[in-house]
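> 3D model of this:
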Amino acid sequence: MDDPDTLADRVREGDLRLHELDDHADPETAAAVRREIVAAETGVDLESVGDYGFEAAEAESAIENMVGGAQIPMGVAGPVPVDGSAADGEYYLPMATTEGALVASVNRGLSVISESGGATARVTKSGMTRAPVFRVNGVAEASEVVEWVADNADALREAAESTTSHGELEAVDPYVVGDSVYLRFVYDTKDAMGMNMATIATREAAGVVEAETPADLVALSGNLCSDKKPAAVNAVEGRGRTVTADVLIPRDTVADRLNTTPEAIEEANTRKNLVGSAKAGSLGFNAHAANTVAAVFLATGQDAAQVVEGANAITTVDVRGEVSASGDSSERSSDGGLYASVSLASLEVGTVGGGTKLPTQAEALDVLGLRGSGDPAGANADALAEVIAAGALAGELSLLAALASRHLSSAHEDLGR
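Next up is the predicted model:
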């Protein structure tokens with residue numbers, strides 16, 4: 001092995017490329033050499049980048065051409081009781097963000113939910129997808145492929161599951177567009193987010209389709225998956241976890257803690273999140289669900305780009321109470337309160353693999369009590385999805401209340417943001 005100075009000289013002389021340093025030095029040394037080269041060529045001091053709290057070897061599966069680490073402030077919101085299909089108890093929500101007032105806003109919402117008895121949450125659907133696209137000569141061959149797939153589910157399942165000891169193929173949904181056939185494979189990936197698992201399994205199954213039908217594989221991903229892009233198919237069919245959280249907040253709590261009324265929040269949600277989003281052609285009918293999703297993703301080692309799908313959410317708000325004796329639904333008694341829910345159609349999360357193995361992210365999952373595989377398998381990822389949904393609901397409530405009470409700008413000013 002060459003010493004760091006010699007390695008840096010070899011890169012400058014063109015004898016080595018940056019990514020080839022890993023073949024000539026241990027991960028820490030390779031990262032240090034890259035920092036030296038980048039610092040020298042750009043005139044930037046990378047001391048902070050080089051001050052990171054994990055072993056470079058631990059990040060080898062998560063990054064290439066490593067030079068160091070990017071540090072993001074992490075806060076915590078909660079605790080909040082969550083009654084879920086997998087989540088059960090009180091949870092602190094770790095959030096990594098550089099957006100001032102976000103953690104405070106979610107924390108306020110969680111405290112209101114807690115005072116109201118906690119959030120109820122349920123994962124209603126689960127399945128990671130990969131959708132290869134095949135070429136055929138025309139619609140007759142396309143129909144032949146679709147029929148074969150329907151008749152040979154067991155053969156496809158056997159091929160796909162031969163690549164993994166954990167994943168299970170649940171369905172293969174065909175779509176035909178002219179001479180293109182898309183097969184949307186849906187997997188139960190247990191506690192893993194499962195994108196790599198689904199990709200490798202689908203590659204094996206696609207080989208069987210090619211061997212047994214007229215179809216020729218064009219691309220292992222045909223964008224009907226649909227990964228890291230706004231897509232209606234995910235809003236309708238779901239991807240990862242489809243999860244909903246809701247809460248019923250007493251009217252007095254809305255007044256005392258959110259400084260507004262259920263009616264004002266309901267109107268703000270209808271005109272902003274529903275009508276405004278529809279007019280904008282949005283796929284997300286919510287105030288800022290992506291804020292909570294992104295912050296928890298960064299804190300717990302999820303794939304940050306999948307916030308695109310995580311923001312695919314609908315927030316609903318309804319005033320609950322007795323209608324007046326006159327039968328006029330616009331006149332309600334002071335009983336009841338505010339029902340609120342957020343439904344995230346495609347929340348892609350895992351508690352094993354990927355960035356969840358890094359020390360900081362592992363600690364954040366430990367705060368939640370959800371690191372590693374659950375019992376039964378998949379329970380930890382389900383619980384994580386339910387807790388994130390509760391956090392997103394808190395963020396929605398807090399922001400809608402701030403808008404309804406016209407306190408949004410003053411809150412940011414008060415926090416110096």
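> Excluding sequence neighbours, find me the nearest residue to residue 138.
Closest residue to residue 138 apart from its sequence neighbours, by C-beta to C-beta, 6 or more residues apart in numbering: residue 179 at 5.6 Å. For the C-beta atoms, the positions are set from N, CA and C on the backbone; glycine is no exception.
> Now do the one you found, the pLDDT please.
Per-residue pLDDT puts residue 179 at 97.
> Surely it touches residue 134?
No: using C-beta atoms under 8 Å, residue 179 makes no contact with residue 134, being 9.4 Å away.
> Between the two, point out the one with more neighbours.
residue 134 (24 against 13; other C-beta atoms under 10 Å).
> ok, what's across the strand from that one?
residue 181, residue 217 (DSSP bridges).
> and it, how far is that from residue 212?
Residue 134 sits 12 Å away from residue 212, going by C-beta to C-beta, to the nearest Å.
> Give me the helices and strands touching the helix or strand hosting residue 290, please.
Assigned by DSSP states H and E, residue 290 belongs to helix 289-300. Helices and strands touching helix 289-300, by 3 or more C-beta pairs under 8 Å, 6 or more residues apart in numbering; DSSP states H and E, are strand 88-96, helix 102-115, helix 307-310, strand 337-347, helix 359-368, helix 379-404.
> Report the buried residues of the helix or strand where residue 211 lies.
If you go by DSSP H and E, residue 211 is part of helix 195-212. Residues of helix 195-212 classed as buried by neighbour count (16 or more other C-beta atoms under 10 Å): 195, 197, 198, 199, 201, 202, 203, 204, 205, 206, 208, 209.
> Do I have it right that the last one meets residue 134?
In other words, residue 209. Yes: between residue 209 and residue 134 there is a contact at 6.8 Å, judged by C-beta under 8 Å.
> which residues do these two both contact?
145, 183, 215, 217 (C-beta atoms under 8 Å, 6 or more residues apart in numbering).
> so, if you compare those, which one comes nearest to residue 263?
Residue 263 lies nearest to residue 183 out of those, by C-beta to C-beta, at 48.4 Å.
> from what I can see that closest one touches residue 169, true?
No: counting by C-beta under 8 Å, residue 183 stays clear of residue 169, with 11.3 Å between them.
> Quick one: end-to-end length of stretch 186-203, please.
Separation of the first and last residues of stretch 186-203 by C-alpha to C-alpha, to the nearest Å is 13 Å.
> helix, strand or coil for residue 302?
Following DSSP: H, G, I helix; E, B strand; the rest coil, the label given to residue 302 is coil.
> secondary structure class for the nearest residue to residue 114 once chain neighbours are set aside?
In this structure, residue 114 finds its nearest non-sequential neighbour in residue 80, 4.9 Å apart by C-beta to C-beta, 6+ apart. For residue 80, the assignment made with three-state DSSP gives strand.
> give me the low-pLDDT residue ranges for the protein?
1, 322-335, 407-417 (pLDDT under 70).
> do you know how far residue 173 is from residue 218?
18 Å.
> returning to that earlier point: report the angle between the axes of the helix holding residue 290 and helix 379-404?
140 degrees (axes from the mean of the first three to the mean of the last three C-alpha atoms, to 10 degrees).
> What lies in contact with helix 289-300?
Contacts for helix 289-300 (C-beta under 8 Å, 6+ apart): 72, 74, 93-97, 99, 102-103, 106, 284, 302-304, 306-307, 310-311, 313, 315, 342, 344, 347, 349, 356, 361, 364-365, 368, 384, 388, 391-392, 394-396.
> Mind giving me the ChimeraX select for these, buried ones only?
To isolate the buried members of the contacts of helix 289-300 in ChimeraX, using 16+ other C-beta under 10 Å:
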select :74,93,94,95,96,97,102,103,106,284,302,303,306,307,310,311,313,315,342,344,347,349,356,361,364,365,368,384,388,391,392,394,395,396
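> Quick check: which element contains residue 314?
Residue 314 belongs to strand 313-320 when assigned by DSSP H and E.
> now that strand against helix 289-300, angle please.
Going by the same axes, to 10 degrees, strand 313-320 makes 120 degrees with helix 289-300.
> Can I get strand 313-320 in CSV? Just the C-alpha atoms.
Written as CSV, here are the backbone C-alpha positions of strand 313-320 (Å, rounded to 0.1, in the frame of the first residue of the first chain):
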residue,chain,number,x,y,z
ALA,A,313,-50.6,12.2,1.2
ILE,A,314,-54.2,13.4,1.8
THR,A,315,-55.2,15.3,4.9
THR,A,316,-58.8,15.3,6.0
VAL,A,317,-60.4,17.5,8.7
ASP,A,318,-64.0,17.3,9.9
VAL,A,319,-65.8,19.1,12.6
ARG,A,320,-67.5,16.5,14.9
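> Quick one: distance of it to the chain centre.
Computed by C-alpha atoms, centre = their mean, to the nearest Å, the chain-centroid distance of strand 313-320 equals 21 Å.
> Which strands and helices lie in contact with that strand?
Checking 3+ C-beta pairs under 8 Å, 6+ apart, strand 313-320 ends up next to helix 262-268, strand 337-347, helix 379-404.
> from the ones you listed, which stretch is densest packed?
helix 379-404 (a mean of 28; mean count of other C-beta atoms under 10 Å).
> how about the strands in the stretch 101-250 of the chain?
119-130, 133-135, 168-177, 180-188, 216-219, 240-250 (DSSP state E, counting those that start in this stretch).
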